[in-house]
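Student: What shape does this take:
(4 chains)
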4 protein chains.
Amino acid sequence: MCRWLAVYSGSPMLLERALYAPAHSLIDQSLHSELGAEATNGDGFGIGWYDEQPTPGVFRSVEPAWNDANLRELAGHISSSLFFAHIRAAIGSAVQQTNCHPFRHGRWLFMHNGFIADFATVKRDLVLAVDESLYPEIAGQADTEVLFYLALTFGLEDDPPDAIARAIGLVESVGRRRGVEYPFQGTIATTDGEHMWGFRYSSEGKSRSLFFTRHVPTLRTLYPEREILQEVTEDARLIVSEPIGDLPGAWEEVPESSYAVAGKGDDELRPFKVKPPTSAVPITP
Amino acid sequence: MCRWLAVYSGSPMLLERALYAPAHSLIDQSLHSELGAEATNGDGFGIGWYDEQPTPGVFRSVEPAWNDANLRELAGHISSSLFFAHIRAAIGSAVQQTNCHPFRHGRWLFMHNGFIADFATVKRDLVLAVDESLYPEIAGQADTEVLFYLALTFGLEDDPPDAIARAIGLVESVGRRRGVEYPFQGTIATTDGEHMWGFRYSSEGKSRSLFFTRHVPTLRTLYPEREILQEVTEDARLIVSEPIGDLPGAWEEVPESSYAVAGKGDDELRPFKVKPPTSAVPITP
Amino acid sequence: MCRWLAVYSGSPMLLERALYAPAHSLIDQSLHSELGAEATNGDGFGIGWYDEQPTPGVFRSVEPAWNDANLRELAGHISSSLFFAHIRAAIGSAVQQTNCHPFRHGRWLFMHNGFIADFATVKRDLVLAVDESLYPEIAGQADTEVLFYLALTFGLEDDPPDAIARAIGLVESVGRRRGVEYPFQGTIATTDGEHMWGFRYSSEGKSRSLFFTRHVPTLRTLYPEREILQEVTEDARLIVSEPIGDLPGAWEEVPESSYAVAGKGDDELRPFKVKPPTSAVPITP
Amino acid sequence: MCRWLAVYSGSPMLLERALYAPAHSLIDQSLHSELGAEATNGDGFGIGWYDEQPTPGVFRSVEPAWNDANLRELAGHISSSLFFAHIRAAIGSAVQQTNCHPFRHGRWLFMHNGFIADFATVKRDLVLAVDESLYPEIAGQADTEVLFYLALTFGLEDDPPDAIARAIGLVESVGRRRGVEYPFQGTIATTDGEHMWGFRYSSEGKSRSLFFTRHVPTLRTLYPEREILQEVTEDARLIVSEPIGDLPGAWEEVPESSYAVAGKGDDELRPFKVKPPTSAVPITP
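Tutor: Predicted structure coming up:
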């Protein structure tokens, strides 16, 4: 549906190093993705990055990423040690900036490749479950934005895996009561600017692809001549929908129903288990 | 906040005749409005028109109307005997097509100059009152779109003045319970393609301006040399936020708390009285 | 590079009948073209159509055709008996409306799939050859627009095949003197609203694809159940970069170095021969 | 016509400090300019800034500056010690990114408030005078872009005042031979990233307004409580079309036919005299 890229480089790097330079880059994938459900991801894009400011910057546009002169320009001038990028293939909701990922709340960013199935059928129930104080922040009509606000409602800022497990749990519970066979599909990335989490899960058990770079020290041994591997810190990591670059040994697949964490000195691959709502889900009459 | 124009010409006319040709045209008002709350209405625009197709056409854009080459072009090629045009001055919601007026549902169009006060505070309660079957159609985040779906919920297609009176009644009731002093402000236009209604109302009793053309036979007597007055039918009417053209005798102001109707053989100016909800309004805890 | 569609239907038809309805429609080709040099044609689009107005209407946008809500809307409301549509895959020039096809001058429209090779190298010489009175009309930076103004300079309005033969002749002459091996590539469509011409030519002799529908009476015999074939006139024709629809017997390929004409009662397939400049081409020092 | 702002702050500052924070900021001027020839400058905008990269960054958009969410975002995340900003009121040429200022060539930026009179009449002669190697870089159709390439042709990179004097000299010479009474009007800003030059000149001698901040030490004495004056270096300067902020003693007007220079340790206000072409100007027959 979409493709995304989450980069923790440890030390500041120009966004173009990750977005444009590699073979089969994310920008190339906007025109020709190989592993995506859709070959073309031309319905807008977004980037989010951390710097010294209190909240991350976000730049989103409805143009295809491949032809956007401003994105090219900004990627050559903005440096960050943790940044997100997303290219969109819309499936139903309008092509408008407020539907482009990443979504932001305070210091948090969130993006998604996949969908909430039969969203029109379940949207109202899900929106009602969003915390009332967060509700006015919902600016677009994308399923992912609602998922993000559900995760925030369920404590994303305190425990991301738990909050996302509960948000998807609600989506599945509401969906099934509304007759949706496989309510959720996708991979999700979220970050607070220090760590980033990448989830892979679908109700059907056939999730969108997700990849994680191997340890930098391992990669340096494999590819000693690659400058970029000398420039990033030892704990640098990329999580991506679809591998970029031309280093075949660089990637390992994130398994079904699991999540990866990366960030300063951190590094994990863990099982992910959805948490159904404990109380009855209110279904509006 | 915005400016709008509703034209019932009785026989097909090119949109540019009403949009661009007159002195102080709506397009001029996008750059320099005289009576508006804002001098500039450059945050997008929209037109809606009826032809032989089952539903009206709608063209909306985020560009300022004054510099949009496509609007200029379409206005010179699209003819209609009933059409709407709206120029936007955004106050809070994003500049995106899904927030541009006119809004459409089936054969109905709806547009508004004004606002629901403290919309972030009351939005959730109002959205919850929209009929569940209509809810998934809400595509943007504008207060006017929610007002439109409330009016549809309350029977706009059967009795527009009643439905709008009840929709604004709900807005006022919810607003006041949420501590909003003057919950509603504005003028509203709606049409089913045969008749059009123009409402002027505000909780404060100081509503945005609204004007109505006098009878065509009267105008023909006043301005016998004006070709346009010979081309339209006797029952032709314009309802506008702010007069256009250079015929000082052409306009009468629609009084506070009243509405005008126009259309085939029809013509009325009536008092408008808001209808508060009969049952207690549910306020979410 | 691009894809285009030229329709002479003889009697007015809604644009959506040709643009959206057929299998493998032009809009589908914007996302996935099969025969094009590029699979994706998402760098803007344009339509041009004739009605009762003195000049054709043109609507152009930088959005991909597949996701443009306004194009969808207009195609469902604009009827014409002769119209052009073009989807763009940019190769060098900016994605902006003034670079989108079709280009217009008076009653003439012009569009192209292909390129002038090494355009930066030859542009100045070519632009200098445009008639001085036409020069200020050049609004964008696309090679096709320059080609159009060259054709106008050489008499497009009087004899289209001659003017285009001379325009391409100049392109080849200048190109070769500037060291370009194959200066021109492509298919071209032009029309005055009554007839339309489709050219297929390249310096290399390996031109972009071009197809022409067979006679309507023949098609009616082949596909008696197809309503659309009953609705158009007997002399209706489509000229397209790539076939649309699901009628395998509907199309014949326009051969290399030839052109097709269609329009009221008219119908021809003729050889096309480029005409080199008779006098020395001025090359700026 | 337009408004612009050129900032040399000596040490990096967030763009929003100059673009959004001051009273009557440039962003406010996009909606309501007081001294401009046009009150509204809503036909696109652009910013250009220097950082550690070899060429300055440029971000341009066709949206009005006042409602552009991306500009707001970027201004809160991009820091620079020398940057340009421009808001456009188009007079003839299309609203497209390639017509938005600032224009860039290598390390140079260029922007303008004003016009080349009767540009359609003189454009061809002027474009022909652009150095042939620079010609292919002209990407839009704006008079200012042609002026920039003329200045580059005349040695902008070596001696900006001389090159601009000669470029305007050519404009005046060609214009007068083409019957234009007052060929040039406006203020111009240009920079190489170290120094910036602001010119005020018009053929008529009634030029657009231009202002220059007084010395920082003087301003610090006048306004000791203003933090921003402590943060910038002693040689910091702003050159603007129209004053921003609320410090009445901060500005001095740049006189007619003069130019200001600012930059590291530098500071001058000098007379500006146009230099007519020494040889006969070639006028195309």
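Student: Spell out which residues of the stretch 1-150 of chain A are next to chain D.
Tutor: A:49, A:51, A:53, A:57-61, A:69-70, A:73-74, A:76-78, A:97 (C-beta under 8 Å from any C-beta of the partner chain). Where C-beta positions appear, they are placed from N, C-alpha and C, glycine not excepted.
Student: Which of those fall within helices?
Tutor: Among the residues of the stretch 1-150 of chain A next to chain D, DSSP state H puts A:69-70, A:73-74 in helices.
Student: can you list these in TSV and add distance to chain C, pLDDT and neighbour count?
Tutor: Formatted as TSV, those follow (distance: C-beta to the nearest C-beta, whole Å; pLDDT from 0 to 100; neighbours: other C-beta atoms under 10 Å in any protein chain shown):
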residue	distance to chain C	pLDDT	neighbour count
A:69	7	95	17
A:70	11	97	18
A:73	13	97	19
A:74	17	98	24
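Student: Of the residues of the stretch 1-150 of chain A next to chain D, keep whichever come out buried.
Tutor: A:49, A:51, A:57-61, A:69-70, A:73-74, A:76-78, A:97 (16 or more other C-beta atoms under 10 Å in any protein chain shown).
Student: List the contacts of stretch A:251-260.
Tutor: A:161, A:187, A:197-202, A:205, A:207, A:209-214, A:237, A:239-240, A:243, A:268-273 (C-beta atoms under 8 Å, 6 or more residues apart in numbering or on different chains).
Student: Restricting the selection to alpha carbons, write that stretch to CSV.
Tutor: Output in CSV follows, covering the C-alpha atoms of stretch A:251-260 (Å, rounded to 0.1, in the frame of the first residue of the first chain):
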residue,chain,number,x,y,z
TRP,A,251,19.1,-7.2,5.9
GLU,A,252,17.2,-9.6,8.0
GLU,A,253,13.5,-10.0,7.7
VAL,A,254,11.5,-9.1,10.8
PRO,A,255,9.4,-12.2,11.3
GLU,A,256,5.6,-12.3,11.3
SER,A,257,4.0,-11.1,14.6
SER,A,258,7.1,-9.5,16.0
TYR,A,259,8.7,-6.1,16.5
ALA,A,260,12.2,-4.6,16.3
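Student: From the chain's centroid, how far away is it?
Tutor: Stretch A:251-260 sits 14 Å away from the centroid of its parent chain (C-alpha atoms, centre = their mean, to the nearest Å).
Student: pLDDT on that stretch, on average?
Tutor: Confidence for stretch A:251-260, expressed as mean pLDDT, is 96.
Student: and it, which residues are buried?
Tutor: A:251, A:254, A:258-260.
Student: Show only the entries of the residues you listed found in strands.
Tutor: Judged by DSSP state E, the buried residues of stretch A:251-260 include A:251, A:258-260 as members of strands.
Student: Please list which of the buried ones among the residues of the stretch 1-150 of chain A next to chain D also come close to chain B.
Tutor: Near chain B, by the rule C-beta under 8 Å from any C-beta, you find residue A:97 out of those.
Student: Please identify which of the buried ones among the residues of the stretch 1-150 of chain A next to chain D is nearest to residue B:264.
Tutor: residue A:97 (41.6 Å; C-beta to C-beta).
Student: Now the stretch 151-285 of chain A against chain D: closest residue?
Tutor: For the stretch 151-285 of chain A and chain D, the shortest gap (C-beta to the nearest C-beta) falls at residue A:193, measuring 13.0 Å.
Student: from the buried residues of stretch A:251-260, which two are the most distant?
Tutor: A:251 and A:259 (16.3 Å).
Student: Show me the buried ones among the residues of the stretch 1-150 of chain A next to chain D that map onto strands.
Tutor: A:49, A:57-61.
Student: overlap between the residues you listed and the residues near chain C?
Tutor: Applying C-beta under 8 Å from any C-beta to those, none is adjacent to chain C.
Student: any chance of those residues in a markdown table, with pLDDT too?
Tutor: What follows is those, written out as a markdown table (pLDDT from 0 to 100):
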| residue | pLDDT |
| --- | --- |
| A:49 | 98 |
| A:57 | 98 |
| A:58 | 98 |
| A:59 | 98 |
| A:60 | 97 |
| A:61 | 95 |
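Student: Now those in CSV, please, with extra columns for distance to residue D:90.
Tutor: Shown next, in CSV, are these (distance: C-beta to C-beta, whole Å):
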residue, distance to residue D:90
A:49, 32
A:57, 29
A:58, 29
A:59, 25
A:60, 25
A:61, 22
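Student: Helices of the stretch 1-150 of chain A, residue ranges please.
Tutor: For the stretch 1-150 of chain A, applying DSSP state H, counting those that start in this stretch gives helices covering A:15-19, A:26-31, A:69-75, A:119-128, A:143-153.
Student: Check which element follows the helix or strand residue A:217 falls within along the chain.
Tutor: Taking DSSP states H and E as the definition, residue A:217 sits inside helix A:216-222. Where DSSP H and E defines the elements, the next helix or strand beyond helix A:216-222 is helix A:227-231.
Student: how far out from the middle of the chain is the helix or strand just after that next one?
Tutor: As assigned by DSSP H and E, the chain's next helix or strand after helix A:227-231 is strand A:237-240. Relative to its parent chain, strand A:237-240 has a centroid offset of 10 Å by C-alpha atoms, centre = their mean.
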